[in-house]
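Asks: Everything below, folded, please.
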Amino acid sequence: MNNIMLSIAIPTFNRAEWLRLCLSRLVPQLEGLNEQVEVKIYDNASPDNTGEVAKSFLIENLPLTYIRNSENIGSDRNIAQCFNLAKGRYVLILGDDDVLLDGALQKIMSLLSSGEYGAVFVSAYGYNNNFIKERPFQMIAAPIIFSDMDTYVKKCSTNAAFISSIIINRSCAVDTDAQSFVGTALVQTYLFYEAISRNHQTIFVPEYLIAAKRIENRDYDVVNIFTHDFNMALQYLVDRGLSLSTVVSINKKLLWYFLPIHLINLRATNIEKSRVEDAYNNLYNLYHQEPLFWLCCMPILKFPASLARLWGYGLIVLGRLVNGEFGRLWVAVQEKLNRKSEV
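Replies: Coordinates of the predicted model:
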């Protein structure tokens, strides 16, 4: 009989050292959970030493399996097989450059054992170099149980696109082939939405249990994925009962809270100016009738660089204060000061 409560699947490609960090924090937490947890690493034919790193953690009696694809099948397909081949009651697809903080797995297992939930959302914070030093202080709040889909989706907001934060009840999407979402760039979000559309009993965990390596704009089209692609996922859920007013609310938050830092980073990196122009055009096409676009996004993309940064950072500070994220704001300020002192 399969008694596995949680499947942790790690899709990876060419990031051996980040995978080493991920596994070094996860593996010690597996002690005593051999029959309740399975961990599978899906290597997308990495040309680096990912295989050596993964195999170094294959200790006897540890519920850890390494699987190497014969060829690179693409990120979406690799993520889809993570879900399709899972055996656990719940599935967490963990980013290879993300870290499950000490004690996090035990807390997650306790929650999963407390009831039958469509999904569980676990909060994460971003870090650049040292996930321990960059961890924001936080007033720990208890997990929140939701029974209304709209309220829960609004609470998760754009973070529903972050792969390592979402734990999906496999039985709520057991007849869904994850491969059908290949090409969306958000396979995990569609699965998350499918599960909560079938079981509205869900959990939101405010406590930071995951440290997430911040994404690089040159490797990841943040603007397009979190606007066009994410709205396509929201529409998928609208077809399953989500209110359009919830979609409007999430898009407003995306414009004033989520996008500013990514637009600042986009202008700051040494990439083609056409990328900035493309970002502006994409946002204009989607949001030109929304005043928040003109207030929050247009100035960052069109103002002179120094004024754009000033405008953007002002929005970021305001956003952190409004959301009560004083710890994240303090860490961000410290990091900026440290960078200046190193120059």
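
Asks: Report the secondary structure element holding Val91.
Replies: Using DSSP states H and E, the element containing Val91 is strand 90-93.

Asks: Give me the sheet partners of that strand and which way each runs.
Replies: Strand pairing for strand 90-93, using DSSP bridges, gives strand 6-12 (parallel), strand 166-169 (antiparallel).

Asks: Which stretch among these approaches Asp76 most closely?
Replies: Smallest distance to Asp76 across the strands paired with strand 90-93 (CB to CB): 9.7 Å, for strand 6-12. In short, each C-beta sits where N, CA and C put it, glycine included.

Asks: Please state the offset of the closest one from the chain centre?
Replies: 14 Å (CA atoms, centre = their mean, to the nearest Å).

Asks: Moving along the chain from it, name the first helix or strand you hit.
Replies: helix 16-26.

Asks: Looking at that next one now, give me its mean pLDDT.
Replies: Mean per-residue pLDDT for helix 16-26: 96.

Asks: And for stretch 311-331?
Replies: The model assigns stretch 311-331 a mean pLDDT of 81.

Asks: Mind listing residues that contact it?
Replies: Residues from elsewhere that reach stretch 311-331, judged by CB atoms under 8 Å, 6 or more residues apart in numbering: 125, 134-138, 256-257, 260-261, 263-264, 296, 299-300, 303, 332.

Asks: now, which of the residues you listed lie within helices?
Replies: 260-261, 263-264, 299-300, 332 (DSSP state H).

Asks: Just the pLDDT for the closest residue to Ile8 other than its chain neighbours.
Replies: Leaving out its chain neighbours, the residue that sits closest to Ile8 by CB to CB, 6 or more residues apart in numbering is Val39, at 4.6 Å. Model confidence at Val39, expressed as pLDDT, equals 97.

Asks: so what's Val39 bridging to?
Replies: Ile8, Leu64.

Asks: burial measure for it, as a count.
Replies: If you count neighbours by other CB atoms under 10 Å, Val39 ends up with 22.

Asks: out of the ones in helices among the contacts of stretch 311-331, which one sits closest to Leu244?
Replies: Nearest to Leu244 among the ones in helices among the contacts of stretch 311-331, with distances taken as CB to CB, is Pro260, at 24.8 Å.

Asks: re earlier: verify the contact between the residue nearest to Ile8 and Ile67 for me.
Replies: No. With contacts counted by CB atoms under 8 Å, Val39 stays clear of Ile67, the gap being 11.2 Å.

Asks: where do the contact lists of these two overlap?
Replies: Counting by CB under 8 Å, 6+ apart, nothing touches both Val39 and Ile67.

Asks: Strands of this protein, residue ranges please.
Replies: Secondary structure of the chain (DSSP state E): strands at 6-12, 37-43, 64-68, 90-93, 98-100, 119-127, 144-146, 166-169, 202-213.

Asks: Looking at those, which is nearest to Asn49?
Replies: Here strand 37-43 is closest among the strands of the chain (CB to CB), at 10.7 Å.

Asks: where does the stretch 1-150 of the chain have low pLDDT?
Replies: 1 (pLDDT under 70).

Asks: Can you tell me the closest non-neighbouring residue to Ala45?
Replies: Asn72 (4.6 Å).

Asks: And Phe137, by the same measure?
Replies: Closest to Phe137 by CB to CB, 6+ apart is Gly327, at 4.2 Å.
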